[in-house]
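Student: Here is the input, now give the coordinates:
(one chain, ligands or ions: 2)
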Amino acid sequence: MTLVAGVDSSTQSVKIVVCDAETGEVVRSSRAPHPDGTEVSAAAWWDAYRKAADQPGLLDGVEAIAVGGQQHGMVTLDEDGALVRDALLWNDTRSARDAQDLVAELGGPQAFADATGTVPLASMTITKLRWLARSEPEVAKRVASVILPHDYLTWELGGRSFAPVTDRGDASGTCYFDPATNTYNDDLVRLAFGRLIDLPRVAAPSEVVGHTPDGIAIAAGTGDNMAAGLGLGLESGSAVVSLGTSGTAFTRSTTPTHEPTGTVAGFADATGAFLPLVCTLNGARNLVATADVLGVTLDELARLALTAEPGSGGLVFLPFLEGERTPSLPDAKGELVGMTLSNMKPANLARAAIEGVLWSLAYGVDVLRDQTGTISAITLTGGASQSEAVRRIATSVFGLPVVVTEAFESVAVGAARQAAWALTGNLPDWAVPVAGRYEATDADVSAADSLMERYTEVLGQHFDVPSFGH
Ligand SMILES: Nc1ncnc2c1ncn2[C@@H]1O[C@H](COP(=O)(O)OP(=O)(O)O)[C@@H](O)[C@H]1O
Ligand SMILES: O=C(CO)[C@@H](O)[C@H](O)COP(=O)(O)O
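Tutor: Ligands and ions are numbered 1, 2, ... in the order given. Predicted structure coming up:
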């Protein structure tokens, strides 16, 4: 059996899967935690990878490997390749003002969407570069190149024997790369940082970019959402919704998008097509926080939530516990709205938390549909997709059927599929067995409409976001 490995280096942890290159069956796996926080040394991700990979026999017989990594993080290197400072992660909002400044300086949101597919918010690498140049000019002077989290791990995997490389999927999250032409925009780097710096070469989707010291072929890798798209065999017409640290909703498109409100980021995918994506900062951790408040486990939270009615008796949970990216409210705090003596019950709170984290993604799916055409089903993935309540409640928030797949670690599996592609020269046709399908009834569709109306109304009453919501 030919074996390939895929790595998911995401916000909270690193996961490694070893797959049969022909079928995609996962034969071995391992994981290790990442440090908390929105500012982390890239060296900690490499340490976590080595810890996870250290499990006896894990990588025995593996012929190719690829990394899917959390997107956007700014990893800065000096002339000798040493890390200049800790990386700012995708969920670090300190560069919100820089995002606004850059958009204004380029001539407005549409100008950025036209140039890079995406209107930058604090998540995007370009805004972190501007923040660095503005806030830490002495540190910025030492920066010779900037790379992304998956680029850093790929480079370390190769023993630093080749210059850092990236792929078009992850590069498209920088906002100084045009996914329509697959080229960097040097002018945007100069605009953000005041000077040009080295950027990683953009490898082809099926390229072998080097080898590990043990002789394992290394594929280009990609961003974690792009890898999930590969792992789930994402096709146009359906959307993936991932609930990990972030919430994301994305679909596949054969044409680039240039959505000007900033709701949809016009990313590239890992195959040569496009991955228009909506992202929130508030995914599974809002559910963990709600379970903590209620003093219950995540399983109990799910059981409680399923005893409440759609709409949670009128409770509305705006889940902005970490500020928010979609809608763009970097400094917002969460709100619980509509409490009465009769609805203030643990079950309603449990359900409202799930409805709240899914609602903005449901709005995002509507915008994705406007941009790309029909979306008729949702594939759920990410840590919180293990929750039966999240799966069932999703049908009545999206008003669409919801599918969960057997291959749970979709990012790592997608990276492994890319590794198999690089190894064999053919993108393998791995089956994606369905573990569960949850149909959306007429009642779910009508509950989804009511929920959208209620949340849009409450959002408008509490925050100034005119371009968001119906
Ligand atoms: N049954 C569950 N219900 C809700 N959240 C869950 C459940 N199981 C795991 N999680 C949460 O999922 C998150 C991890 O998901 P994951 O997709 O691995 O995140 P990331 O890729 O961002 O590191 C954690 O916050 C964890 O608490
Ligand atoms: O910023 C984005 C997408 O634009 C996030 O989706 C990150 O890529 C982190 O993902 P998770 O760690 O939550 O999977």
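Student: longest helix in the protein, by residue count?
Tutor: Among the segments of the chain that qualify as a helix by DSSP state H, the longest is helix 346-372.
Student: Give me the contact list for whatever helix or strand comes next after it.
Tutor: Sequence-wise, the next helix or strand downstream of helix 346-372 (DSSP states H and E) is strand 378-381. Strand 378-381 has contacts (CB atoms under 8 Å, 6 or more residues apart in numbering) with 228, 232, 234, 238-243, 365, 390-391, 394, 398, 400-405, 408, 410. Heads up, the C-betas are built off the backbone N, CA and C, glycines and all.
Student: what comes up buried for strand 378-381?
Tutor: By neighbour count on 16 or more other CB atoms under 10 Å, the buried set for strand 378-381 is I378, T379, L380, T381.
Student: The contacts of strand 378-381 in strands, which ones?
Tutor: A239, V240, V241, S242, L243, V402, V403, V404, T405 (DSSP state E).
Student: Show me what from this structure comes close to ligand 2.
Tutor: Within the chain, the positions near ligand 2 by CB under 6 Å from any ligand atom are 10-11, 70-72, 90, 123, 173, 223-225, 244-246, 248, 265, 277, 279, 283.
Student: Just the ones in strands from those residues, please.
Tutor: In this view, the residues of the chain next to ligand 2 that belong to strands under DSSP E are G223, T248, A265, L277, C279.
Student: State which one residue of the stretch 301-450 of the chain is found closest to ligand 2.
Tutor: Nearest to ligand 2, among the residues of the stretch 301-450 of the chain, is G382, at 6.3 Å (CB to the nearest ligand atom).
Student: May I see the PyMOL selection of the buried members of the residues of the chain next to ligand 2?
Tutor: To isolate the buried members of the residues of the chain next to ligand 2 in PyMOL, using 16+ other CB under 10 Å:
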select buried, resi 10+11+70+71+72+90+123+173+223+224+225+244+245+246+248+265+277+279+283
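Student: Next one, pLDDT for R142 please.
Tutor: Listed pLDDT for R142 reads 98.
Student: how much space between it and ligand 2?
Tutor: 26 Å (CB to the nearest ligand atom, to the nearest Å).
Student: my guess is that residue contacts V84, does it?
Tutor: Yes - between R142 and V84 there is a contact at 5.1 Å, judged by CB atoms under 8 Å.
Student: who touches both of those two?
Tutor: T76, D78.
Student: Who has more neighbours out of the two?
Tutor: Legend: neighbour count by other CB atoms under 10 Å for R142 and V84, higher for V84 (20 against 14).
Student: Spell out which residues of the stretch 201-350 of the chain are next to ligand 1.
Tutor: With CB under 6 Å from any ligand atom as the criterion, the stretch 201-350 of the chain comes near ligand 1 at residues G244, T245, A284, R285, L287, V288, L298.
Student: ok, which pair from the residues you listed is furthest apart?
Tutor: Spatial extent of these (CB to CB) is set by the pair T245 and L298 at 14.9 Å.
Student: L77 contacts A87, doesn't it?
Tutor: No - judged on CB under 8 Å, L77 makes no contact with A87 at a distance of 10.8 Å.
Student: More neighbours: which of those two?
Tutor: Taking neighbours as other CB under 10 Å, L77 and A87 compare with A87 leading, 29 against 23.
Student: quick one, what contacts that one?
Tutor: For A87, the contacting residues are E39, V40, S41, A42, G73, M74, V75, T76, P149, by CB under 8 Å, 6+ apart.
Student: In contact with the third one, which residues are there?
Tutor: Okay, so that is S41. So S41 contacts P35, L83, D86, A87 (CB under 8 Å, 6+ apart).
Student: doesn't L230 fall inside a helix?
Tutor: Yes - membership of L230 in a helix is supported by DSSP: H, G, I helix; E, B strand; the rest coil.
Student: Let me know how buried the nearest residue to W430 once chain neighbours are set aside is, in neighbour terms.
Tutor: Leaving aside its chain neighbours, W430 sits nearest to G24 (3.1 Å; criterion: CB to CB, 6 or more residues apart in numbering). By other CB under 10 Å, the residues close to G24 number 24.
Student: do V18 as well
Tutor: 24.
Student: quick one, phi/psi of it?
Tutor: phi -110, psi 130 (degrees, to the nearest 10).
Student: for the closest residue to it other than its chain neighbours, what are its contacts?
Tutor: Computed as CB to CB, 6+ apart, the closest residue to V18 that is not its neighbour in sequence is R28, at 4.2 Å. With contact set as CB under 8 Å, 6+ apart, R28 has these partners: V17, V18, G57, L58.
Student: Secondary structure element holding R28?
Tutor: Using DSSP H and E, R28 sits in strand 26-33.
Student: can I get the CA coordinates of that strand in CSV?
Tutor: Taking C-alpha atoms only, strand 26-33 is exported to CSV below (Å, rounded to 0.1, in the frame of the first residue of the first chain):
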residue,chain,number,x,y,z
VAL,A,26,-7.1,6.9,7.1
VAL,A,27,-4.8,4.3,8.6
ARG,A,28,-3.0,6.2,11.3
SER,A,29,-3.4,9.6,13.0
SER,A,30,-1.9,11.8,15.7
ARG,A,31,-2.4,15.3,17.2
ALA,A,32,-0.8,17.8,19.5
PRO,A,33,-2.1,21.1,20.9
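Student: ok, that strand near ligand 1 or not?
Tutor: No - Strand 26-33 lies out of reach of ligand 1 by CB under 6 Å from any ligand atom, never closer than 8.6 Å.
Student: If we go by neighbour counts, what in that strand is buried?
Tutor: For strand 26-33, burial by neighbour count (16+ other CB under 10 Å) applies to V26, R28, S29, S30, R31, A32.
Student: Could you single out the nearest of these to P428?
Tutor: Nearest to P428 among these, counting by CB to CB, is V26 at 13.9 Å.
Student: residues contacting the closest residue in space to that closest one that isn't next to it in sequence?
Tutor: Excluding the flanking residues, the one nearest V26 by CB to CB, 6+ apart is V17, at 4.9 Å. Shown in contact with V17 (CB under 8 Å, 6+ apart): A5, G6, V26, R28, S29, E409, A412, V413, A416.
Student: Could you do E156 as well?
Tutor: By CB under 8 Å, 6+ apart, the neighbours of E156 are W46, Y49.
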